[in-house]
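>>> just coords:
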């Protein structure tokens, strides 16, 4: 129950922060097309499906690797004065703008996007982010590192492993 509440609170915090940082005048949603604008306004062709899948998977796996590296920094800092700086970055979420997802998604057209796999990656990556945020919260305890922080780190790594498998399926056309 505590984890569910903490995860819900983290998601609400991230959602609120994202909403607060967005413009008062939302931009109109553009329809997805087979081309996107290149520098100079000329349309840029999207890569063939197989290449798009490989490029997307590389982008998503890099994001997972960045999350792992960030978690490692936190694990090294927990229980030290350096933890405060790491905590301040972790508590707001790692990538509220979902930059990697947007870059990977932009490689596809509506006809060739592996939507279910992309959403699975997004969910697993968000679970990792929530676990890292929970690690940050639990890491403020006077006895940290402790069993809670070890479980949080384990949860984050398991979610990132699932996210990597999702990315691998994207790359392999699965």
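Cool, the structure landed. Remember, predicted model here, so these are calculated numbers, not experimental data.
>>> give the contact list for the residue minimising distance to the centre of the chain.
Compute the mean C-alpha point of the chain, and by CA atoms, centre = their mean the closest residue is residue 125, 4.5 Å away. When the contact criterion is CB atoms under 8 Å, 6 or more residues apart in numbering, the partners of residue 125 are 60, 63, 64, 67, 100, 101, 159, 160, 163. (Glycine included, C-beta is placed from N, CA and C.)
>>> those strands in this structure, which residues are they?
35-37, 43-45 (DSSP state E).
>>> Lowest average confidence across those strands, which one?
Among these, strand 35-37 has the lowest mean pLDDT, at a mean of 43.
>>> Would you mind listing where this protein has pLDDT under the threshold?
Confidence mapping of the chain against pLDDT under 70 gives the ranges 1-44.
>>> longest helix anywhere in it?
As far as residue count goes, and with DSSP state H defining each element, the longest helix of the chain is helix 49-77.
>>> any chance of the contacts of residue 125 in a markdown table, with neighbour count too?
Formatted as a markdown table, the entries for the contacts of residue 125 read as follows, by neighbours: other CB atoms under 10 Å:
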| residue | neighbour count |
| --- | --- |
| 60 | 28 |
| 63 | 24 |
| 64 | 22 |
| 67 | 23 |
| 100 | 22 |
| 101 | 20 |
| 159 | 22 |
| 160 | 24 |
| 163 | 24 |
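>>> Could you dump those residues into TSV and include distance to residue 119?
As requested, the contacts of residue 125 are exported to TSV (distance: CB to CB, whole Å):
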residue	distance to residue 119
60	12
63	15
64	16
67	18
100	14
101	9
159	14
160	17
163	12
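>>> out of those, which one sits closest to residue 93?
For the contacts of residue 125, the closest approach to residue 93 (CB to CB) belongs to residue 67, at 10.8 Å.
>>> Would you mind measuring from that closest one to residue 143?
Taking CB to CB, to the nearest Å as the measure, residue 67 and residue 143 are separated by 25 Å.
>>> what's the distance between residue 94 and residue 59?
Taken as CB to CB, the span from residue 94 to residue 59 is 15 Å.
>>> dump the residue contacts of the nearest residue to residue 162 once chain neighbours are set aside.
Distances taken as CB to CB, 6 or more residues apart in numbering put residue 124 closest to residue 162, at 4.2 Å, once the chain neighbours are dropped. With contacts taken as CB under 8 Å, 6+ apart, residue 124 has the following neighbours: 159, 160, 162, 163, 166.
>>> Surely the first one touches residue 131?
What that stands for is residue 159. Yes. At 6.0 Å, residue 159 and residue 131 qualify as touching, with contact defined as CB atoms under 8 Å.
>>> these two touch, right, residue 71 and residue 155?
No. The pair formed by residue 71 and residue 155 falls short of the contact definition of CB under 8 Å, at 10.4 Å.
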